[in-house]
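**Student:** just to be clear, the model below is a prediction. Sequence and coordinates:
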Amino acid sequence: MPVVGTSERPLRVAIIGSGPAGFFTAQALQKQKDRPGLRVRVDMIERLHTPFGLVRHGVAPDHQKIKAVTAAYEKIAAHEDFRFLGGIHFGEDVGLDDLKAAYHQIVFCCGAETDRRLGVEGEDLTGSHPATEFVAWFNGHPDYHAHRFDLSCERAVVVGVGNVAVDVARILLRDPDELARTDIADHALAALRESRIREVVLLGRRGPAQAAFTNPEAKELGQLAGVCTSTREDEMALDSATLESLGPEGPDKTLARKLVILESFVGNSPSAGERSLALRFLVSPTRLTGDGEGRVNGVDLVHNTLLLKSGRLSARPTDRTSHLETGLVFRSVGYRGIPLTGVPFRDDWGIIPNVKGRVVEQVDGPVCPGLYVAGWIKRGPSGVIGTNKPDAVETVQAMLADLDADTLHSPAGEQDDALLGHLSSRDVRPTSYRDWRRLDAEELRRGEAGGRPRVKFVSDTEIREFLESD
Ligand code: NAP
């Protein structure tokens, strides 16, 4: 029998998930210049009918340039040995054993699909939402098109000061006429036009020097039309623990720039008609208060001080407290992965345990042959889209070393249609990349009429009806 990885017997790889990590994994497999004879067939299996994961459903609609990365993914998808199988739910339509029966290697690139919990009383009151759901909603994710967010109060509070919190604040405060020129979901645009939110408060538990958002995103907050962005002088002063951690050299260039940006907001107050965005530091919610009928009506805060321990600055509560009234809270304290049936999972980190991309049964435990990870489900929800590229390359290096060592699955049916046969026996018809191209063309066509990049399909039913038409 020919060896695996040749034209006669290609290496068969299933990639679960079609976001950046999935595409960069496919690309790394395709770009093996040092192995000219290597033949790899990739099937990318995606729960949704559309590809691109967080680029489509996570990147904010007013950040269209970031979405341009999909042009590179188009090229990867055009490869003769690449197939997209959309609308296939791992754990429901296919299980791990079905994949092992059809592929030599399986790579999980399914990201971090849910939110981290805040762990305070009142977190589940009506009007308190994970930011992940709001982001998915305004980006037209089909799981969230029927969600409703009550934007009838004047102040919204966002817990966390990462880039997702910043995205949420911008979308809440930006002029809807500006958003109308983006690919924001129509249901979100309609709701934001009716929004009565005048003020958004972002809560950072540590100081400005520890804010997780990046500099371009911070700078953009000062440039929103009709929005006054402010910081407080007392919260901007660098505390002794921060100064100690920075050492005699002080902040590096990037941090110094961030501090200059944040300093420029000190003391700003809105003029008549302006909306406002307040960036607060050294405060943590201790409780979300309710109105007695299950709705959030405020946030109890404790003021923090910082403690430097083992090189990490952590927030320690003081005895100073305060209260913020609000009817809308977004918890934006990071994403986490969800467990997949039959696949090891490290619950405390929200990732699949792995060593450089090879899945292990548990930390320091044995490797699970033929199973790999890349992206957020491998390393946790950090970095920008490009971070997934070297991450995927590392995983592919492990995969190819295992190909050389012959530690692969031995699929029973090594034909292209092994998985398709299984799906068809369960009456599941996957969406192809060709189907996606039709959806894409239709979205672009709908967008053109309104001077928008695209108008997205936002429900599975609508997608299926369109694909079944003509
Ligand atoms: P993130 O960058 O990890 O930020 C999470 C924020 O939540 C931090 O400020 C963190 O504070 C805070 N936090 C965590 N636990 C908390 C708690 N119990 N109480 C109060 N605050 C708490 O996560 P993210 O904003 O979800 O972003 C995820 C990744 O996507 C990041 O790498 C981000 O840069 C990236 N992203 C990039 C863009 C872009 O490039 N434009 C847009 C969106 C997302 P501590 O630092 O104190 O832990």
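**Tutor:** Sure, I can see it.
**Student:** for stretch 281-298, measure first residue to last.
**Tutor:** End-to-end distance for stretch 281-298, by Cα to Cα, to the nearest Å: 18 Å.
**Student:** can you tell me if it touches the ligand.
**Tutor:** Yes: under the criterion of Cβ under 6 Å from any ligand atom, stretch 281-298 makes contact with the ligand via Ser284. (Each C-beta comes from the backbone N, C-alpha and C, glycine too.)
**Student:** buried stuff in that stretch?
**Tutor:** 281-285, 288-290, 296-298 (16 or more other Cβ atoms under 10 Å).
**Student:** give me the domain ranges for this protein.
**Tutor:** 11-113+337-431, 116-334 (automatic domain parsing).
**Student:** what does the stretch 201-350 of the chain put close to the ligand?
**Tutor:** 204-206, 210, 212, 217, 284, 332-335.
**Student:** just to revisit the earlier point, lowest average pLDDT across the domains of the chain?
**Tutor:** Ranked by mean pLDDT, the domains of the chain end with domain 11-113+337-431 in last place, scoring a mean of 94.
**Student:** what about the helices in the stretch 251-400 of the chain?
**Tutor:** 253-263, 376-379, 388-405 (DSSP state H, counting those that start in this stretch).
**Student:** export these as TSV, with columns for mean neighbour count.
**Tutor:** Formatted as TSV, these follow (neighbours: other Cβ atoms under 10 Å):
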stretch	mean neighbour count
helix 253-263	16
helix 376-379	26
helix 388-405	19
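**Student:** would you format these as JSON lines with distance to Arg155 included?
**Tutor:** Below are these laid out as JSON lines (distance: least, Cβ to Cβ, whole Å):
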{"stretch": "helix 253-263", "distance to Arg155": "21"}
{"stretch": "helix 376-379", "distance to Arg155": "31"}
{"stretch": "helix 388-405", "distance to Arg155": "36"}
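**Student:** quick one, which of those gets closest to Asp239.
**Tutor:** Nearest of the helices of the stretch 251-400 of the chain to Asp239, taken as Cβ to Cβ: helix 253-263 at 12.9 Å.
**Student:** would you mind listing what in the stretch 1-150 of the chain touches the ligand?
**Tutor:** So far as Cβ under 6 Å from any ligand atom goes, the stretch 1-150 of the chain lies against the ligand at 63, 118.
**Student:** OK, now which residue of the stretch 1-150 of the chain is nearest to the ligand?
**Tutor:** The ligand sits closest to Leu118 of the stretch 1-150 of the chain, with a gap of 5.4 Å, by Cβ to the nearest ligand atom.
**Student:** so what's whatever residue of the stretch 51-200 of the chain ends up closest to the ligand up against?
**Tutor:** The minimum distance from the stretch 51-200 of the chain to the ligand, using Cβ to the nearest ligand atom, falls at Gly162 (2.2 Å). Going by Cβ atoms under 8 Å, 6 or more residues apart in numbering, Gly162 touches 212-213, 332-334.
**Student:** let me see the ranges of the strands in the stretch 1-150 of the chain.
**Tutor:** Under the criterion DSSP state E, counting those that start in this stretch, the stretch 1-150 of the chain contains strands at 11-16, 40-45, 82-85, 105-108, 114-115, 128-130.
**Student:** is it possible to get a markdown table of these that adds distance to Val260 and mean neighbour count?
**Tutor:** Shown next, in a markdown table, are those (distance: least, Cβ to Cβ, whole Å; neighbours: other Cβ atoms under 10 Å):
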| stretch | distance to Val260 | mean neighbour count |
| --- | --- | --- |
| strand 11-16 | 42 | 26 |
| strand 40-45 | 43 | 25 |
| strand 82-85 | 45 | 22 |
| strand 105-108 | 41 | 28 |
| strand 114-115 | 32 | 18 |
| strand 128-130 | 32 | 22 |
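**Student:** how about a markdown table for these, with distance to Leu306 added?
**Tutor:** Listed next are those as a markdown table, based on distance: least, Cβ to Cβ, whole Å:
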| stretch | distance to Leu306 |
| --- | --- |
| strand 11-16 | 40 |
| strand 40-45 | 44 |
| strand 82-85 | 47 |
| strand 105-108 | 37 |
| strand 114-115 | 25 |
| strand 128-130 | 26 |
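**Student:** between these, which one is closest to Lys258.
**Tutor:** Across the strands of the stretch 1-150 of the chain, closest to Lys258 is strand 114-115 (Cβ to Cβ), at 25.0 Å.
**Student:** residues in contact with the closest one?
**Tutor:** 130-133, 331, 333-338.
**Student:** what comes up buried for stretch 294-314?
**Tutor:** 296-304, 306, 313.
**Student:** just the ones in strands from these, please.
**Tutor:** Among those, the members found in strands (DSSP state E) are 296-304, 306, 313.
**Student:** so which of those comes closest to Arg446?
**Tutor:** Proximity of those to Arg446 (Cβ to Cβ) peaks at Val296, which lies at 36.3 Å.
**Student:** partners of the closest one in the sheet?
**Tutor:** Val296 has these beta-bridge partners by DSSP bridges: Gly290.
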